[in-house]
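Colleague: Just to be clear, the model below is a prediction. Sequence and coordinates:
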Amino acid sequence: MTEKTTDRVRMTGISKRYGPILSLSDVSLRIAPGEVLGLVGDNGAGKSTLSKVLSGAVVPDAGTIEIDEETVRFETPADARAAHVEMVYQDLSLCDTIDVAGNLFLGREPVRRVAGVSLLDKRRMHDDAKAMLERLGIVIADTRQKVENLSGGQRQSIAIGRAASFDPKVLIMDEPTAALAVAEVEAVLELIRTVSARGVSVILITHRLQDLFLVCDRIQVMYEGRSVAERKISETSIEEVVDLIVGRKFTARSAARGDRQEGVSA
Amino acid sequence: MSSGGTNEGALHAPAASARVRRATLRDRFMENGSVASIAIFFIVVCVLFAVVTSSFLTTPNLLNVIRQSAPLLIVAAAMTLVITTGGIDLSVGSVLALVCALSATLLQWGVPWPLVIVAMLLLGGLVGALQGFFIAYERIPAFIVTLAGLSVIRGVALLITGGYSIPIATDSPFVVLGREWFLGVPIPAWIALATILLALLVFNHTRFGRYVTGIGANSEAVRRAGVDTRRTTLMVYVLSSAAAALAGIILAGRLGSGSSNAGQGFELEVIAAVVIGGTSLFGGRGTMIGTLLGALTVAVIGNGLILAHMSPFLTPIVTGTIILVAIWLNFRLFKNASRSR
Ligand SMILES: Nc1ncnc2c1ncn2[C@@H]1O[C@H](COP(=O)(O)OP(=O)(O)OP(=O)(O)O)[C@@H](O)[C@H]1O
Ligand SMILES: [Mg+2]
């Protein structure tokens, strides 16, 4: 983690209402260049909604976003992409009937001009896609395969590859490891370490708390649409994070690890 | 994704090479099963009529089939884009009728023919843009918007003509588009060919075509990839209405008159051609070659039945049966081509 005084992203007072549900209520979030922030919270706490606001997929009702100290307004995902904010969505957002290379390059297909018209440069697309996958250690036999014929984990790898490959400044990963096998999870964590070392700010949303302690610098906890706590990773424990997530002292067998520490509730 | 690619201390033997093999010719055939089945169907129908009738497989007749099916081919090409986005355009028959009626009226008023053609194409595009606006920006289902369009636009055509057929002077260069020949081939056939080639290029080799497929597969994914999906959707309806207008110009020229009753049921014929060709009504899967074969199959059946001295009223019966059989073949024969869901 590089020490810098300026924040890469500063979200302030973000609110979003869906009908009767206040998904986000006055939420703030900041992240420095090269920092890895773990965003945790119960199901429905608003993590995905908050990250979608940053990726431009959701327009908030209130609040401001600053990137590198400049106020931005993301009306569409295209705006966020232009500001080098990339996101791996929880539902992956792939087009099943388009091939692997097409999904990797969706929205920024290489084109060549033939007699004044822009045509897809499919050869380059497949060559580059192959190189991209190899660089990330993703094993997929044929970039011409349709995505619908891939396994859940392979699909997830493609979504990650797409977000990580186009020089992001901010990389948001919404449960990127949900469908992955052991070795693949390790590879994603390694990828997070590599890109953050390059100065990319990473927001990692996951329910695998042990992963947070392997890669994150800081953890932000959300509870029912509010941001309720923030901890440096060096100053907290899994047990405390569990208590913060559920909002009370909680003994979760699934999160127990060796000698238990005293939990602190929010 | 796998970390560490060394085989040192591997517990399992590497998978047999058969596990992943490059797509063979057979794979490609199966993958394009819908096109393959309509191709077989088309050939069977052609062979059948060639055997049963003596005049089917003659150059003049084949050229005649293409000339008559030009409007169908042109609109079906655009309809393939619409259906691949997961939409539908029921108004194409009415747009065709409006253009027939209006162009005849304008010519009668003495408006120069090139101006009439340009105005009609613009009108088509405008009608499409209006419908596309309600579909893409106001999120009203395409079926509803274009059903309303079907009714309103045909109504306007009827109002203009009062229900009568308006003649076009046979010496007007306007009729050239529908009747003349160029290099031994009817001009409508040339226009249809150009449209199909253009549609092929746009559909398979441009970003726009890519997004059309993407929108049908997962519109939100395409939007999140930074694409203006609303504009793309609107454009698709502009193209289908403009294609319907072009078809109307050709038809009015060929018939030498403009009638507001032209193209009754044309939209269903077009949709049938597209669906027979293997484009999925659920969106995300479209094939321009399939549409070409589908439209030609529909046209050949109509022509062949007449040549075989059968009742022309058999045409809709046979066409309907083929829709069902072709789709059924796709499901049965090529079930394993794509992952069943
Ligand atoms: N498009 C939407 N329409 C209506 N309600 C929504 C929408 N998106 C999110 N919500 C609501 O907002 C709340 C927060 O949802 P969100 O997806 O952000 O939770 P999350 O923290 O990502 O949960 P999970 O851990 O299950 O992914 C939920 O109550 C959800 O029902
Ligand atoms: Mg979520």
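Modeller: That came through, no problem. Ligands and ions are numbered 1, 2, ... in the order given.

Colleague: how about whatever residue of the stretch 101-250 of chain A ends up closest to chain B, what does it touch?
Modeller: Relative to chain B, the nearest point of the stretch 101-250 of chain A is A:Gly107 (3.3 Å; Cβ to the nearest Cβ). Heads up, the C-betas are built off the backbone N, CA and C, glycines and all. Applying Cβ atoms under 8 Å, 6 or more residues apart in numbering or on different chains, we find A:Gly107 in contact with A:Ala78, A:Arg81, B:Val222, B:Ala225, B:Gly226, B:Val227.

Colleague: one more time with 10 Å
Modeller: A:77-78, A:81, A:162, A:166, B:207, B:210-211, B:214, B:221-227 (Cβ atoms under 10 Å, 6 or more residues apart in numbering or on different chains).

Colleague: Closest residue of chain A to ligand 2?
Modeller: A:Ser48 (3.1 Å; Cβ to the ion).

Colleague: re earlier: in a strand, the residue of the stretch 101-250 of chain A closest to chain B, correct?
Modeller: No: A:Gly107 is assigned coil when assessed by DSSP: H, G, I helix; E, B strand; the rest coil, not a strand.

Colleague: tell me which residues in stretch A:79-95 are buried?
Modeller: A:80-81, A:83-90, A:92-95 (16 or more other Cβ atoms under 10 Å in any protein chain shown).

Colleague: which one of the residues you listed sits closest to A:Ser234?
Modeller: A:Val88 (26.4 Å; Cβ to Cβ).

Colleague: and that closest one, bridged to which residues?
Modeller: A:Met173 (DSSP bridges).

Colleague: and what of A:Leu29?
Modeller: A:Met11.

Colleague: tell me the SS of A:Ser227?
Modeller: A:Ser227 ends up strand, using three-state DSSP.

Colleague: which element is the closest residue to it other than its chain neighbours on?
Modeller: In space, and not counting its chain neighbours, A:Ser227 is closest to A:Val27: 4.8 Å by Cβ to Cβ, 6 or more residues apart in numbering or on different chains. Assigned by DSSP states H and E, A:Val27 belongs to strand A:21-31.

Colleague: can that strand be found next to ligand 2?
Modeller: No: figure legend: strand A:21-31 not in contact with ligand 2 (Cβ under 5 Å from the ion); closest approach 10.7 Å.

Colleague: from the chain's centre, how far out does that strand sit?
Modeller: Strand A:21-31 sits 16 Å away from the centroid of its parent chain (Cα atoms, centre = their mean, to the nearest Å).

Colleague: Let me know the outermost residue of chain A.
Modeller: In terms of distance from the mean C-alpha position of chain A, A:Ala115 ranks first, at 40.5 Å (Cα atoms, centre = their mean).

Colleague: Let me know the helix or strand that the residue of chain A closest to ligand 2 is in.
Modeller: helix A:47-55.

Colleague: what angle separates that helix from strand A:21-31?
Modeller: For helix A:47-55 against strand A:21-31, the angle between stretch directions is 60 degrees (axes from the mean of the first three to the mean of the last three Cα atoms, to 10 degrees).

Colleague: quick check: mean pLDDT across helix A:47-55?
Modeller: The pLDDT scores in helix A:47-55 average 94.

Colleague: touching ligand 1 at all, that helix?
Modeller: Yes: interface with ligand 1: helix A:47-55 contributes A:Lys47, A:Ser48, A:Thr49 (Cβ under 6 Å from any ligand atom).

Colleague: Nearest spatial neighbour of the closest residue to chain A within the stretch 201-341 of chain B, chain-adjacent residues omitted?
Modeller: With Cβ to the nearest Cβ, the shortest gap between the stretch 201-341 of chain B and chain A falls at B:Ala225, namely 3.3 Å. Of all residues not flanking B:Ala225 in the chain, A:Gly107 sits nearest, at 3.3 Å (Cβ to Cβ, 6+ apart).

Colleague: Please settle this for me: is B:Gly283 part of a helix?
Modeller: No: secondary structure of B:Gly283 (three-state DSSP): coil, not part of a helix.

Colleague: Correct me if wrong: it contacts B:Thr233.
Modeller: No: using Cβ atoms under 10 Å, B:Gly283 is not in contact with B:Thr233, being 11.1 Å away.

Colleague: what do the two both touch?
Modeller: Joint contacts of B:Gly283 and B:Thr233 (Cβ under 10 Å, 6+ apart) are B:Val82, B:Thr85, B:Gly86, B:Gly87, B:Val212, B:Ile215, B:Ser219.

Colleague: which regions of chain B lie under the pLDDT threshold?
Modeller: For chain B, applying pLDDT under 70 flags the ranges B:1-33, B:330-341.
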